[in-house]
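# Have a look; sequence and predicted model below, questions after that.
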Amino acid sequence: MKKFFFIFILALIPFASTTVSAESDLPLKSEAGIIIDAKSGNVLYEKNMNKSMYPASLTKVATAIYAIEHGDQNELVTISKKAAEADGSSVFIEPGEEIELSKLIAGMLINSGNDAAIAIAEHMSGSEKLFMEDLNEFLRKEVNVTDTHFTNPHGLFDKDHVTTASDLAKITQYAMKNETFREYFGKKELPWEVETWDTTLVTHHKMLKGELPYKGITGGKTGFVSKSGYTLISTATRGEQDLIAVTLKAPSDKVAYSDTELLFNYGFENFKSGKIDKKSKLYSADYSNSYMLNEDLYYTHLISDEPSLKTSNDGILSIMNQQGEAIESFDLKTVADVRNTVLPATIKPETIDDSKLLNFLFNL
């Protein structure tokens, strides 16, 4: 009874949470950049977020999450000659060597091994070409990105290998929901023993390994080829707020990290994550239907704001800021179990403070 009373009142009066309004003058020097709330997906700031760009090794985030979700992590991968001879950054694997898929994925993310990326692709789909077909379909249908087309699993330059800052943020948001990916993405070091190399791999991401400390950093991936410039994905958490920052085509790695810090500072200093708990019970405006949420709902608001909830007769839940503007909306029919509510004739829906109405609702 007490829990239900709290949730019901929550739908009637303002409560503490924020409204999304991004400044337009952050002095980013990267050609494109974005920061999003990882829980709600709300864009807090962006610069050229939909511009087609070359991602370099940020591609490996997509390769990793696909392999994690669609592969057996304990399977042994036999390294081909093509994989072992891959150009660029390497984890120094040899033809014929057998390595667990999980180890290759971690090595690819931490040390950006192009050889590992090709080995993963060949193992997952039979060939690199077929893997790219599978990966692009996965990104379109399961991650729901629309402006990404990858031609290889590692990010070495190809004029047709393109994405956007917005899509990379979405791919990372999707990937970070996976516990295994989060573990690999947040690793600073990994003991690495293969036939020709016995060492400890150390992440290239300077914030993550502590070379450029940032409070709350939880993961990251770096990238560089001459046509892409310096590219960077970073994740950070403070309290209940999880942020994802992407910067593309920075003129130097120093700029990529300084832009990332600007984006994180802006997000943490101005915004707050709000949540409506799964199993909360809400009502349509005319009380003809009740809605029991079957998932947590997330939104983002300005720290200075105190949003309120508003429902319509047809089951649209709006998060309203203090200016009466909707900053987020949800169709309750798609995220909740719906139940018809028939009020006794003696109770008028508009008498919201009537004790009879409250007592009736409590006893549904």
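Looks like it arrived, so ask away.
# Any regions of the stretch 1-150 of the chain where pLDDT drops low?
Low-confidence segments of the stretch 1-150 of the chain, defined by pLDDT under 70: 1-24.
# Please work out the average pLDDT along the helix or strand encompassing Glu261.
Using DSSP states H and E, Glu261 maps to helix 253-270. Helix 253-270 carries an average pLDDT of 97.
# next one: stretch 187-200
94.
# then it to CSV, C-alphas only?
The C-alpha trace of stretch 187-200 is given here as CSV (Å, rounded to 0.1, in the frame of the first residue of the first chain):
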residue,chain,number,x,y,z
LYS,A,187,40.6,-3.3,-18.8
LYS,A,188,43.8,-1.4,-18.3
GLU,A,189,46.1,-4.4,-18.7
LEU,A,190,46.0,-8.0,-20.0
PRO,A,191,48.6,-10.7,-19.6
TRP,A,192,49.4,-11.9,-23.1
GLU,A,193,51.2,-15.1,-23.9
VAL,A,194,51.3,-16.4,-27.5
GLU,A,195,53.8,-18.4,-29.5
THR,A,196,56.2,-15.5,-30.2
TRP,A,197,55.2,-12.9,-27.6
ASP,A,198,55.0,-13.1,-23.8
THR,A,199,54.1,-9.7,-22.4
THR,A,200,51.4,-7.6,-20.7
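# All further residue positions should be reported with the first residue as 32.
Shifting the count to begin at 32 puts that one at stretch 218-231.
# buried residues in it?
Across stretch 218-231, burial judged by 16 or more other CB atoms under 10 Å covers 218, 221, 223, 225. To be clear about C-beta, it is placed using only N, CA and C from the backbone, and glycine gets the same treatment.
# Other residues contacting it?
122-125, 128, 130, 137-138, 140-142, 232-234, 239-241 (CB atoms under 8 Å, 6 or more residues apart in numbering).
# what about the strands in the stretch 82-231 of the chain?
107-109, 129-131, 220-225, 228-233 (DSSP state E, counting those that start in this stretch).
# quick one: which of those is nearest Phe255?
strand 228-233 (16.7 Å; CB to CB).
# what packs against the next helix or strand after that closest one?
Reading on from strand 228-233 to the C-terminus, the next helix or strand found by DSSP H and E is strand 248-256. Judged by 3 or more CB pairs under 8 Å, 6 or more residues apart in numbering; DSSP states H and E, strand 248-256 is in contact with helix 90-101, helix 210-216, strand 260-269, helix 284-301.
# partner strands of strand 248-256, parallel or antiparallel?
The partner list of strand 248-256 in its sheet, established with DSSP bridges, is strand 260-269 (antiparallel).
# CA atoms only for the next helix or strand after the partner strand, dumped as CSV, please.
As assigned by DSSP H and E, the chain's next helix or strand after strand 260-269 is strand 272-281. These are the backbone C-alpha positions of strand 272-281, laid out as CSV (Å, rounded to 0.1, in the frame of the first residue of the first chain):
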residue,chain,number,x,y,z
GLN,A,272,25.1,9.0,-14.5
ASP,A,273,26.8,7.1,-17.4
LEU,A,274,28.1,9.1,-20.3
ILE,A,275,29.6,8.2,-23.7
ALA,A,276,31.8,10.6,-25.6
VAL,A,277,33.0,10.2,-29.2
THR,A,278,35.5,12.5,-31.0
LEU,A,279,36.5,12.1,-34.7
LYS,A,280,39.2,13.6,-36.8
ALA,A,281,41.2,15.5,-34.1
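# Name every strand pairing with strand 272-281 and say which way it goes.
strand 63-68 (antiparallel), strand 260-269 (antiparallel).
# Disregarding flanking residues, what is the spatial nearest neighbour of Leu199?
Val277 (4.8 Å; CB to CB, 6 or more residues apart in numbering).
# residues near the one you found, how many?
Per other CB atoms under 10 Å, the neighbour tally for Val277 reads 33.
# Where does pLDDT dip in the stretch 232-381 of the chain?
Scanning the stretch 232-381 of the chain for pLDDT under 70 picks out the ranges 373-381.
# change it to 50
Residue ranges of the stretch 232-381 of the chain with pLDDT under 50: none are present.
# follow-up on the earlier one: between the helix holding Glu292 and strand 248-256, how many degrees?
150 degrees (axes from the mean of the first three to the mean of the last three CA atoms, to 10 degrees).
# correct me, but Lys280 touches Met84?
Yes. Judged on CB atoms under 8 Å, Lys280 makes contact with Met84 at a distance of 6.1 Å.
# who touches both of these two?
Common neighbours of Lys280 and Met84, using CB under 8 Å, 6+ apart, are 62-63, 259.
# okay, the residues you listed in a markdown table with neighbour count next?
As requested, those are exported to a markdown table (neighbours: other CB atoms under 10 Å):
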| residue | neighbour count |
| --- | --- |
| Glu62 | 17 |
| Ala63 | 23 |
| Ser259 | 22 |
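# Just give me the closest of those to Thr249.
Ala63 (22.4 Å).
# from what I can see that closest one touches Ala281, true?
No. If you go by CB under 8 Å, Ala63 and Ala281 don't touch, sitting 9.6 Å apart.
# Give me the distance between Thr262 and Lys309.
Thr262 is 36 Å from Lys309, where distance means CB to CB, to the nearest Å.
# same deal with Leu293?
From Leu293 over to Lys309 the distance is 35 Å, taken as CB to CB.
# of the two, who's got more company?
Neighbour totals were compared for Leu293 and Lys309, and Leu293 leads with 20 against 13 (other CB under 10 Å).
# Pull the contacting residues for the nearest residue to that one once chain neighbours are set aside.
Once flanking residues are discounted, Leu293 sits nearest to Leu57: 5.5 Å by CB to CB, 6+ apart. Neighbouring residues of Leu57 by CB under 8 Å, 6+ apart: 76, 78, 293-294, 297.
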